[in-house]
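Next one to model:
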Amino acid sequence: MIRATTAAAIAQSLRAFVLAAGLAAVTIACMPHTAFGASRIKDIADFEGVRENLLVGYGIVVGLNGTGDDLTNTPFTKESLVAMLERLGVNIREQGGTIATLKPKNVAAVMVTAVLPAFARQGTRVDVSVSALGDAKSVDGGTLLVTPLVGADGEIYAVAQGGVATSSFSAQGNAASVSKGTPTKGRIANGAIVERELPFEMSHMESVKVSLRNPDFTTARRIAQAVNSYLGTDVARPSDPGSVQLVVPPQYRGDVVAMLTDIEQLRVEPDQTARVVIDQATGTIVMGEAVRISTVAIAQGALTIRITETPQVSQPSPFSTTGDTTTVDRTNIEVDEGKPANMKVVPHEVTLQELVNGLNALGVTPRDLIAILQTIKAAGALQADIEVM
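Here you go, the predicted structure:
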């Protein structure tokens, strides 16, 4: 009886498991498909008018540890210091009206930059960057005095002040010096206060334009299709590769923010142009997955020319009364063609991973790879744009 009951329970459990598995399979099959690599619209596009603005200003950093400007080489620093002291009521002029000799080493003229976020309100604090304008050796540990920050229209939008911090250092002695990073550039966290707002009203807008960060026809059309599918009506259409025009539907009139909040969360798989970006200074190469190469044979060889200078001294014999001691140059030139290059055949339409594996098989370095890719492009076998930085 116990065995029969157990067998019945096991059979019932198996039937329940099979039923659950079948329901799960049906559920998965009916789930909406999400493309692999899809991105939110907010990550690949911006709403026109909702953007940051750049601010810039000129100021003075004080309190440096002897690493400031040399006033004899930077007259603008001296003039700024004199003007600031006179505004504060400090008289630094002698009887003839001439300016007294100033030789402080703890003052530096700097350029101050900041980014004004969209919809920033009065009293909002933003970070600022400080960069030395003269011959100061470091601005670390100094204090930026009150500096107005202006926009492209010349209006003051923020005021900056505070202690400058850098992630670098420098030190020097009589015969040696050491430095890390760029000590003439620093930041002030929350160092500027917004004083003027940028007026922008979007609640009553009747249309909105979406601007793609990387213009592309396919991506623009996919964004329009995603928006129309979500809203259930054709209110979006691509105007060009870089923008999509949205007409605010009746249910969102007067509440455009809610519409944009919903739209920016929609996911779209962006398309991209096949491109190879090369930084020759660092030997960095970045290739997108759309890069393809037609059938081509590659042979890579290394040629090294080594020139060695070995000066030798020629002098007369001992106790000789004639002749002079001279230096004779000896130059040795060696040419090394390296190992015989192996020919590597790259098949038609290889993928990025196959390309990397094939080139690694040749034992090429990143700098050699730059020349190889440029040569493949010249041969017409590289279906991608090459951008050299």
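
can you pull the contacts of A379?
Applying C-beta atoms under 8 Å, 6 or more residues apart in numbering, one finds that A379 lies in contact with V296. Bear in mind the C-beta positions are built from the backbone N, C-alpha and C, glycine included.

Quick check: which element contains the spatially closest residue to K105 that is not a sequence neighbour?
The shortest distance from K105 to any non-neighbouring residue, by C-beta to C-beta, 6 or more residues apart in numbering, is to G66 (4.6 Å). Counting by DSSP states H and E, no helix or strand carries G66.

wait, G66 sits on N106?
Yes: contact criterion C-beta atoms under 8 Å: G66 and N106 qualify, at 6.4 Å.

Please pull up the helix or strand immediately following the helix or strand bottoming out on mean pLDDT in the chain.
Within the chain, no helix or strand scores below helix 2-30, which has a mean of 41 by mean pLDDT, DSSP states H and E. Counting by DSSP H and E, the next helix or strand C-terminal to helix 2-30 is strand 39-40.

Contacts for the helix or strand harbouring S80 next, please.
In the assignment (DSSP H and E), S80 maps to helix 75-87. The contact list for helix 75-87 (C-beta under 8 Å, 6+ apart) reads 58, 60, 68-69, 71, 92, 99, 102, 104, 107-109, 133-134, 145.

Tell me where the stretch 251-389 of the chain has helices.
Applying DSSP state H, counting those that start in this stretch to the stretch 251-389 of the chain gives helices spanning 256-263, 352-361, 366-378.

would TSV of those with mean pLDDT, distance to F47 and mean neighbour count be doable?
Formatted as TSV, the helices of the stretch 251-389 of the chain follow (pLDDT from 0 to 100; distance: least, C-beta to C-beta, whole Å; neighbours: other C-beta atoms under 10 Å):
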stretch	mean pLDDT	distance to F47	mean neighbour count
helix 256-263	91	6	16
helix 352-361	70	33	14
helix 366-378	80	37	16
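
Tell me where the stretch 51-200 of the chain has strands.
53-62, 107-116, 125-132, 143-150, 156-163, 169-172, 177-180, 185-194 (DSSP state E, counting those that start in this stretch).

pLDDT of the fifth one, averaged?
Per-region confidence: strand 156-163 scores 97 on mean pLDDT.

ok, of the strands of the stretch 51-200 of the chain, where does mean pLDDT dip lowest?
Comparing mean pLDDT across those, the weakest is strand 169-172, with a mean of 69.

Give the partner strands of that strand in its sheet and their orientations.
Using DSSP bridges, strand 169-172 pairs in its sheet with strand 177-180 (antiparallel).

Can I get the strand it pairs with in PDB? Just the C-alpha atoms.
The C-alpha trace of strand 177-180 is given here as PDB (Å, rounded to 0.1, in the frame of the first residue of the first chain):
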ATOM      1  CA  SER A 177      62.700  67.200 -10.000                       C
ATOM      2  CA  VAL A 178      59.700  64.800 -10.100                       C
ATOM      3  CA  SER A 179      56.100  65.200 -11.000                       C
ATOM      4  CA  LYS A 180      53.000  63.000 -11.500                       C
END
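
OK, contacts around N214?
Shown in contact with N214 (C-beta under 8 Å, 6+ apart): I44, P270, Q272.

Leaving out chain neighbours, which residue sits closest to the first one?
The one in question is I44. Nearest non-adjacent residue to I44, counting by C-beta to C-beta, 6+ apart: P270, 5.2 Å away.

so the one you found touches I41, yeah?
No: with contact defined as C-beta under 8 Å, P270 does not count as touching I41 (9.7 Å).

quick one: which of those two has more around it?
Using other C-beta atoms under 10 Å as the criterion, P270 and I41 rank with I41 on top: 23 against 20.

can you tell me how far the more buried one sits from T219?
10 Å (C-beta to C-beta, to the nearest Å).

Find the residues that touch each one of those two.
With C-beta under 8 Å, 6+ apart, I41 and T219 have common neighbours V268.

how far away is A379 from S294?
A379 is 9 Å from S294, where distance means C-beta to C-beta.

Kindly apply the preceding question to E52 instead.
Applying C-beta to C-beta to E52 and S294 gives a distance of 43 Å.

Same check on V313?
Taking C-beta to C-beta, one finds V313 at 61 Å from S294.

So for the two, which residue has more residues nearby?
The residue with more neighbours, out of V313 and S294, is S294; 15 against 8, by other C-beta under 10 Å.

and this structure, what are its domains?
34-50+201-271, 53-169+180-194, 276-315+324-388 (automatic domain parsing).

Quick one: end-to-end distance for the second one.
It stands for domain 53-169+180-194. Start-to-end span of domain 53-169+180-194 (C-alpha to C-alpha, to the nearest Å) is 12 Å.

hang on, isn't V286 packed against V277?
Yes: V286 is within contact range of V277, at 4.6 Å (criterion: C-beta under 8 Å).

Compare those two (neighbour count), which wins?
Neighbours of V286 and V277, each counted by other C-beta under 10 Å, are more numerous for V277; the result is 14 against 11.

can you pull the contacts of the more buried one?
I285, V286, M287, E387, M389.

do N357 as well
Applying C-beta under 8 Å, 6+ apart to N357 gives no contacts.

Please shift the residue numbers so they start at 105 in all later answers.
In the new count, where the first residue is 105, that last one comes out as N461.

distance of it from P420?
N461 sits 66 Å away from P420, going by C-beta to C-beta.

Please apply the same query to F223.
Taken as C-beta to C-beta, the span from F223 to P420 is 87 Å.

Alright, calling it a day.
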